[in-house]
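Engineer: Mind looking at a prediction? Sequence and model below.
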Amino acid sequence: MKKAVLLIAALVVFGSFAFGQATVGAWGRGLFTVAGGGGDNTDVIGADLVSWGGAPRIGVTISGTSDNVGFQLDFNGDNNGVNAGDNQKIWVKPFDMLTIQIGQFFDDTLRGNAVFGAWNWLRYDKIDGEDAIFARVWNTSATYLGSNFEIALTPAEGAYIFAAMSQILGADQPIEAVMAEGQYGAGYTIEGIGQIRVQYVGEANYVHASSGYINAAFKLTMIEGLTVDLGVNYYMECPDQTTQQFKAMLYANYAMDALTIHVYGDVLMYDADAHAGDDLAFTGALGIDYSLEGGIGINADFRYKNDIASGYNDGMIAGMIGVTKGFSNGLVGLGIEITTGNFAYGLTKTDLSAMVFAVPIRLEYWF
């Protein structure tokens, strides 16, 4: 497998002289983490991890681009093996305003994230980040790491319209099921003001196709240094599958000189007839990034989720601070994190409300 990867890379590099433009890029991250706590559990563990748990990510991307045709192939050299990454796709532009894609892929054109602080270190088990405001295409289910198909239109400057469908791995589905589970939406950028987006995200189970949700968002960018992204989800009625009814999300960041401030919050309301109690699930988070001379950066965040949002009886409190040293193609960093919840790589907690800690050493590269 490794020889095959090297051969493909060589063919792409040398082939670029003959057809279009071919590139090889890369991104990866690893965290050596010492962690412990959790009540009577006094064991302190050490593990090689990545932010979302599991082995460090060693990623490589091979892509080819011409005026009308292209491809992308991602590889991950994680955990002593080589595996396919997020994208293995072909795209074709029959004419300027139309792009067709097929394969395994994600379309992040309209995506709305809330990424800061611990998201880029060792994540808490209950944390909001990517897709927090507006979901990427394709984001309905992990089982959809199979064959995707998307048609995207750009009929006017600032406009983007898409229709995406997918097939569950190893399943032959009726076309009506494939379409019911689809993701359909549009976005428009208003010059000097911001961007509006709306989409329907089909449920990843065509027996309950009516239980998808509508996701709408508006990103304000008209004030220099300030970005405010407000999103809402309305969940379609399907009481036997979900009790969620309405969710509102807000992410904002403000950059001034060396300082960037991040704020995130959400409120989730449930169907009163299907959910015990009428309390709201809510989240609040604050993050700070500060850049010093010599490539030194400081990241910090503080987060709170109440009992309904976190699943912990006393809610979840979490915080972290980290320091990085940046280079032209990567960084190294050291952080400390604490939470009354847990981490993406979970510790065994004998007391579910007890504090746990992690001290990650972070290595990251990009080419």
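Structural biologist: Perfect, I can see it now. Numbers count the residues shown, from 1 in each chain.
Engineer: now Met256, nearest residue through space, not along the chain?
Structural biologist: Gly225 (5.8 Å; CB to CB, 6 or more residues apart in numbering). The way it works is simple: take the backbone N, C-alpha and C, and place the C-beta from them, glycine included.
Engineer: Check the gap between the one you found and Ala255 for me.
Structural biologist: 5 Å (CB to CB, to the nearest Å).
Engineer: do the same with Ile317
Structural biologist: From Ile317 to Ala255 the distance is 27 Å (CB to CB).
Engineer: Could you give the number of residues near Thr348?
Structural biologist: 11 (other CB atoms under 10 Å).
Engineer: Would you mind giving the secondary structure of it?
Structural biologist: Put simply, Thr348 is coil when judged by DSSP: H, G, I helix; E, B strand; the rest coil.
Engineer: Report the contact partners of the residue most central in space within the chain.
Structural biologist: Within the chain, the residue whose C-alpha comes closest to the C-alpha centroid is Glu130; the distance, by CA atoms, centre = their mean, is 3.1 Å. For Glu130, the contact set (CB atoms under 8 Å, 6 or more residues apart in numbering) comprises 111, 113-115, 119, 136.
Engineer: make it 7 Å
Structural biologist: Residues near Glu130 by CB atoms under 7 Å, 6 or more residues apart in numbering: 113, 115.
Engineer: quick one, phi psi at it?
Structural biologist: Note on Glu130: backbone dihedrals following degrees, to the nearest 10 are phi -70, psi 140.
Engineer: do Glu293 as well
Structural biologist: phi -70, psi 160.
Engineer: Same question for Met179.
Structural biologist: Taking degrees, to the nearest 10 as the convention, Met179 sits at phi -70, psi -40.
Engineer: cool, and Ala180?
Structural biologist: The phi/psi pair for Ala180 (degrees, to the nearest 10) is phi -60, psi -30.
Engineer: would you list every one of the helices in the protein?
Structural biologist: 2-15, 175-180, 307-310 (DSSP state H).
Engineer: Contacts made by the shortest one with the rest, please.
Structural biologist: Read it as helix 307-310. 126, 268, 279, 281-283, 313-316, 341.
Engineer: Pull out the buried residues from that helix.
Structural biologist: Judged by neighbour count (16 or more other CB atoms under 10 Å), helix 307-310 contains these buried residues: 308-310.
Engineer: could you point out the longest strand in the chain?
Structural biologist: In the chain, assigned by DSSP state E, the strand with the most residues is strand 21-37.
Engineer: Could you list the low-pLDDT ranges of the stretch 51-200 of the chain?
Structural biologist: 139-147, 167-173 (pLDDT under 70).
Engineer: quick one: the strands in it?
Structural biologist: 57-65, 69-76, 83-95, 98-104, 147-153, 159-167, 183-190, 194-201 (DSSP state E, counting those that start in this stretch).
Engineer: what's the neighbour count on the residue nearest to Phe106 when sequence neighbours are not counted?
Structural biologist: For Phe106, ignoring the flanking residues on the chain, the nearest one in space by CB to CB, 6+ apart is Arg136 at 5.3 Å. Number of residues near Arg136 (other CB under 10 Å) recorded here: 16.
Engineer: likewise Thr61?
Structural biologist: For Thr61, using other CB under 10 Å, the count is 17.
Engineer: do the same with Lys219
Structural biologist: 22.
Engineer: do you know how far it is from Thr283?
Structural biologist: Taken as CB to CB, the span from Lys219 to Thr283 is 19 Å.
Engineer: that older thread, what about Gly225 and Ala255, which has more around it?
Structural biologist: Neighbour count, other CB under 10 Å: between Gly225 and Ala255, Ala255 has more, with 14 against 11.
Engineer: now Asn79: how far from Val50?
Structural biologist: Taken as CB to CB, the span from Asn79 to Val50 is 10 Å.
Engineer: ok, and the closest non-adjacent residue to Gln199?
Structural biologist: Gly185 (2.6 Å).
Engineer: What's opposite the one you found in the beta bridge?
Structural biologist: Phe162, Gln199 (DSSP bridges).
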